Structure formats: structure tokens, C-alpha cells
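J.: no sequence on this one, just coordinates:
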């Protein structure tokens, strides 16, 4: 799978067919790719500990002193738990 920049697709190549917008497949195939990076959310990170199942509190243990994080936060050091 690749991410594409839909804003840069040539809209002149669209046409209507029975009131449905149709576009040439080659136009999608030739669309420019976006440079994107997959991130690891804190809830899935190896370095995060979850305390209290009823009211989850997430703490990142990557640093010397733990600090609270939200489940959907992320950082550049994230590693999936399944990788360890």
C-alpha cells in the first residue's frame, strides 16, 4: 500500500458515467506518493506501563523518571510490544 497526494491528481481526466464520477486507473497509479512514517501509539508501546485497569493511567518508562502519557500519544522512540 502507498499513500498518495489526491490534491495533485489531474482532475481533467475525470468523467461522469451514469451519474458516477469515474477516473482512469492509470491516473491513480501515477499519483505522487506521500512520504509518511508509521508511528507507535503509547498504548501499544513496549516502554509504557498501564496502571489500574478501571481508570487506566499510562506512564512512559523510557526516561529515567516516568511521566504520564495519553493512550494515543506517540514519540520517535516508540517500539511495538510484539517486537520484543
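T.: Received the coordinates, thanks. Values in this document were obtained by computation on a predicted structure and should not be read as measured data.
J.: mind checking how far the residue nearest the centre of the chain is from residue 67?
T.: By CA atoms, centre = their mean, the chain has its centre lying nearest to residue 38, at 5.2 Å. Noted for residue 38: a distance of 24 Å to residue 67, by CB to CB, to the nearest Å. Using the backbone N, CA and C atoms, a C-beta is placed for each residue, glycine as well.
J.: Quick one: find the helix or strand in this protein with the lowest mean pLDDT.
T.: Scoring the helices and strands of the chain by mean pLDDT, DSSP states H and E places strand 20-23 at the bottom, with a mean of 62.
J.: Now for residue 43: which residues touch it?
T.: By CB atoms under 8 Å, 6 or more residues apart in numbering, the residues touching residue 43 are 50, 58, 71, 72.
J.: From those residues, which land in strands?
T.: Within the contacts of residue 43, residues falling in strands by DSSP state E are 50, 58.
J.: which of the contacts of residue 43 sit farthest apart?
T.: Greatest spatial distance among these (CB to CB): 50 and 72, at 13.5 Å.
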